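Asks: any chance you can model this:
(one chain, ligands or ions: 2)
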Amino acid sequence: MTVGEIKRKMPEDLSRCVAFHGHICPGLIYGYRVAREARKLMNLRRSVDEEVVAVCENDSCAVDALQVLLGTVAGKGNLMIKDYGKNAFTVLSRKKRMAYRFSRKTGYNYKGKARSEFEKLDAAAAAGTASDAERKKLKRLKIDDLLSRPFHEIFTTRKVRYVEPRYAPLALSLPCAVCGEMTMATKMLKRGGGRQLCMPCAEKSRKAKLK
Ligand SMILES: [Zn+2]
Ligand SMILES: [Zn+2]
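Replies: Numbers count the residues shown, from 1 in each chain. Ligands and ions are numbered 1, 2, ... in the order given. I've put the predicted structure just below:
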C-alpha cells in the first residue's frame, strides 16, 4: 500500500489523528493502536475532563494519537510524559478504577511479503545510507505492517494496579518579584525578603551570583 492508498482507505478516526499530527508515520500508528485498544478494554469515551489519564513513557509522535482519540491532552493535566524513550503507555480510567499498561518488547519484525526488501531498507536506514525515497518506502512498509497486525503482536498488554492519579493542581497566580509576570504560586521560588521569583528569574539571579 502506498501512503496515497492508505489515505484513501484511512479509517475516519485515523484521519483525525493525521490531521492533528500533521503527517502519517509509524509512531502515530503505535499511538493509534494503543488508544483504540485502551478504549476497547475499558469501554472509554473521549475524556471531557480528567476521567481518562495517559502516562506516556516517551514524547514521540504516538502521544498525539492518544490526545486525539482519548482526550488525554497536554493542557488538561491528564497527559503525563515521562521521557524515558520507551515505547510504553499506561492508560487509566478514574471512573472504572482500572489501568492497563501497553509496552513493546520486541524489535521491529516485519511480516509482509516484502520482507527481504524491508530488511534491506532497514539496514540502509540504520547505516545512514538510505535515500529519501528509500526512507519513505520503509516508512510505508512499517505503517502498513503496524495497521494490519493483531494488536498483541505489537504490544504486550498488562492490567496494572490502579493508583488514583492526582488531579491537575489549581493554584493562584502571583506576579514575579523581578519580571512582574503572573506565575503559578506553586511553581515560584522563595528568595530573601519574602520575595517570590519565577523559575527563569530565579535561575538568572543564581547565575549572576556565581559570577
Ligand atoms: Zn510523526
Ligand atoms: Zn520572573
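Asks: convert the C-alpha atoms of stretch 66-78 to PDB, please.
Replies: In PDB, the C-alpha atoms belonging to stretch 66-78 read as follows (Å, rounded to 0.1, in the frame of the first residue of the first chain):
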ATOM      1  CA  LEU A  66      -3.700   9.400  22.300                       C
ATOM      2  CA  GLN A  67      -4.500  13.100  22.600                       C
ATOM      3  CA  VAL A  68      -6.900  12.900  19.700                       C
ATOM      4  CA  LEU A  69      -8.700   9.700  20.500                       C
ATOM      5  CA  LEU A  70      -8.600   9.600  24.300                       C
ATOM      6  CA  GLY A  71      -8.800  13.300  25.000                       C
ATOM      7  CA  THR A  72      -5.700  12.900  27.300                       C
ATOM      8  CA  VAL A  73      -4.200  16.200  26.300                       C
ATOM      9  CA  ALA A  74      -1.300  18.400  27.200                       C
ATOM     10  CA  GLY A  75      -3.400  21.300  28.600                       C
ATOM     11  CA  LYS A  76      -5.700  19.400  30.800                       C
ATOM     12  CA  GLY A  77      -3.400  17.700  33.300                       C
ATOM     13  CA  ASN A  78      -4.400  14.200  32.200                       C
END
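Asks: return the set of buried residues in that stretch.
Replies: Within stretch 66-78, the residues scored as buried using 16 or more other CB atoms under 10 Å are 66, 67, 68, 69, 70, 71, 72, 73, 77, 78. C-beta coordinates here come from the backbone N, C-alpha and C atoms, glycine included.
Asks: any idea of the mean pLDDT in it?
Replies: Averaging pLDDT along stretch 66-78 gives 96.
Asks: next: stretch 18-33.
Replies: 97.
Asks: pull up the distance across that stretch, start to finish.
Replies: 13 Å (CA to CA, to the nearest Å).
Asks: hmm, that stretch in reach of ligand 1?
Replies: Yes - applying CB under 5 Å from the ion, one finds that stretch 18-33 is in contact with ligand 1 at 25, 27.
Asks: what's the spacing between that stretch and its chain's center?
Replies: Remark: stretch 18-33 is offset 10 Å from the chain centroid, using CA atoms, centre = their mean, to the nearest Å.
Asks: tell me if I am right that residue 183 is in a strand.
Replies: Yes - according to DSSP: H, G, I helix; E, B strand; the rest coil, residue 183 belongs to a strand.
Asks: and it, how many neighbours?
Replies: When neighbours are counted by other CB atoms under 10 Å, residue 183 registers 21.
Asks: what's the answer for the one 5 residues further on, then?
Replies: Applying the criterion other CB under 10 Å, we find 21 residues in the vicinity of residue 188.
Asks: distance of it relative to residue 204?
Replies: Using CB to CB, to the nearest Å, residue 188 is found at 14 Å from residue 204.
Asks: list the contacts of residue 93.
Replies: Applying CB atoms under 8 Å, 6 or more residues apart in numbering to residue 93 gives the contacts 42, 44, 51, 52, 99.
Asks: can you pick the most crowded of the residues you listed?
Replies: Tallying neighbours with other CB under 10 Å puts residue 52 at the head of those, with 27 neighbours.
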